[in-house]
Every structure is written in structure tokens, then in C-alpha cells.
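Participant: With the input below, show me the fold.
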Amino acid sequence: MEKQKNRVTVEIMGEEYTIKGSGLPRSMEQAARHLDGLMRSLAEKDPSLSGYRLAILAAINLAEELLKLKGGYPRYAGEERERDEEDELV
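Facilitator: You can find the predicted model right below:
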């Protein structure tokens with residue numbers, strides 16, 4: 001039985017995206033606000049960056065945050081999560 005997917009529309013860097021996933025709608029919205037804030041902060045530091053480069057830099061920053069958090073929790077050490085139930089852009 002497939003888990004029900006929630007769908008929310010968020011705005012990131014002035015563009016709307018519909019996100020579909022198993023997370024709570026408010027969690028997905030919070031994640032989008034966090035990403036938007038990070039991308040806007042990066043854009044302020046270097047206005048010449050394209051949207052694509054901003055997205056890559058934001059992804060690297062978020063991956064670094066995640067790895068630091070996982071490092072603090074031994075349960076996640078070396079664990080690879082399945083991505084088939086993760087949120088996705090529609």
C-alpha cells in the first residue's frame with residue numbers, strides 16, 4: 001500500500017514550485033522557507049550568481065549541515081537512506 005502524498009505550493013526566489021511528498025505540509029513549507037532564505041543570503045553576497053549556481057551552493061551548504069547533524073548521531077553513521085519516499089518537485 002503506497003503512502004499518501006501531500007502536495008504544497010511554495011515560493012523560492014520568486015518562483016512557485018509544487019512539492020509532493022510524504023512529509024507534513026508545514027514541514028515542507030518550512031524547508032522551502034529555509035532554502036529560500038539561504039539562496040537569498042547567497043545572492044546578496046554575490047549578485048552575479050545565476051539561479052543554477054545559487055541552487056548548487058545552497059545544496060552544498062545544506063548537505064554540509066546534514067552531515068554535521070548526522071555526525072552527532074551515531075545511529076546515522078554510515079547509513080544510506082532510501083530516497084523513494086522523499087519529497088519531490090512536481
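Participant: where exactly do the strands run in this structure?
Facilitator: Assigned strands in the chain, in chain order: 6-12, 15-21, 88-89 (criterion: DSSP state E).
Participant: Out of those strands, flag the one nearest Glu65.
Facilitator: The stretch from those with the least distance to Glu65 (C-beta to C-beta) is strand 6-12; that distance is 17.2 Å. In short, each C-beta sits where N, CA and C put it, glycine included.
Participant: pretty sure Leu24 contacts Gln4?
Facilitator: No - contact between Leu24 and Gln4 fails when scored by C-beta atoms under 8 Å: they sit 11.8 Å apart.
Participant: Relative to Leu54, how far out is the residue nearest to Lys5 when sequence neighbours are not counted?
Facilitator: In space, not counting the residues next to it along the chain, Lys5 is nearest to Lys20; the distance is 4.9 Å by C-beta to C-beta, 6 or more residues apart in numbering. Here the criterion is C-beta to C-beta, to the nearest Å. By it, Lys20 lies 23 Å from Leu54.
Participant: more neighbours, those two?
Facilitator: Between Lys20 and Leu54, counting by other C-beta atoms under 10 Å, Leu54 is the more crowded of the two (19 against 14).
Participant: And that one, how far from Gln30?
Facilitator: When C-beta to C-beta is the yardstick, Leu54 and Gln30 sit 20 Å from each other.
Participant: Which of Leu24 and Gln4 has more residues huddled nearby?
Facilitator: Neighbour totals were compared for Leu24 and Gln4, and Leu24 leads with 11 against 6 (other C-beta under 10 Å).
Participant: Quick check: pLDDT value at that one.
Facilitator: At Leu24, the model reports a pLDDT of 95.
Participant: Equivalent analysis for Glu64, please.
Facilitator: Among the per-residue scores, Glu64 holds a pLDDT of 93.
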